[in-house]
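1. after the sequence you'll find the predicted model.
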Amino acid sequence: VVDYAREHNLQLVSLCTLGPSLEDVFLQITGQEIGTVRHEVQEAGGKRQEARGKRQEARGKRQEAGKRRGRR
């Protein structure tokens, strides 16, 4: 761009360059695509939520069993 401006006697007012974002680098290194990354993140979130529900259910059962035995 700079060489073209010089060759054509043009004055550049400003020039900005952008490097790759962290997401760009991650996608390049892992070979993944944007759509698949989001899908996998949503899938992982669903699994975490499912596991949390199971833990809460187990905790509730333990508390209920303790109440039946006269403990709190």
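-> Yep, that arrived.
2. what's the distance between Val1 and Cys16?
-> The gap separating Val1 from Cys16 is 11 Å, by C-beta to C-beta, to the nearest Å. Where you see a C-beta, it was placed from the backbone N, CA and C, and this is true even at glycine.
3. neighbour-wise, which of the two wins?
-> The residue with more neighbours, out of Val1 and Cys16, is Val1; 9 against 4, by other C-beta atoms under 10 Å.
4. out of everything not next to it in sequence, what's closest to that one?
-> Excluding its sequence neighbours, the residue lying closest to Val1 (C-beta to C-beta, 6 or more residues apart in numbering) is Leu15, at 6.8 Å.
5. what residue ranges in the protein score low on pLDDT?
-> Across the chain, the ranges flagged by pLDDT under 70 are 36-48, 70-72.
6. one more pass at 50, please.
-> Scanning the chain with the threshold set as pLDDT under 50 gives 72.
7. for it, what spans make up the helices?
-> 2-7, 22-30, 34-68 (DSSP state H).
8. circling back to that earlier point, what's around the residue nearest to Val1, how many residues?
-> A count of neighbours around Leu15, defined by other C-beta under 10 Å, yields 8.
9. how much space between it and Tyr4?
-> 12 Å.
10. cool, Leu27 as well?
-> Distance of Leu27 to Tyr4, computed by C-beta to C-beta: 31 Å.
11. and these two? which has more neighbours close in?
-> With neighbours defined as other C-beta under 10 Å, Leu27 and Tyr4 compare such that Leu27 has more, 16 against 9.
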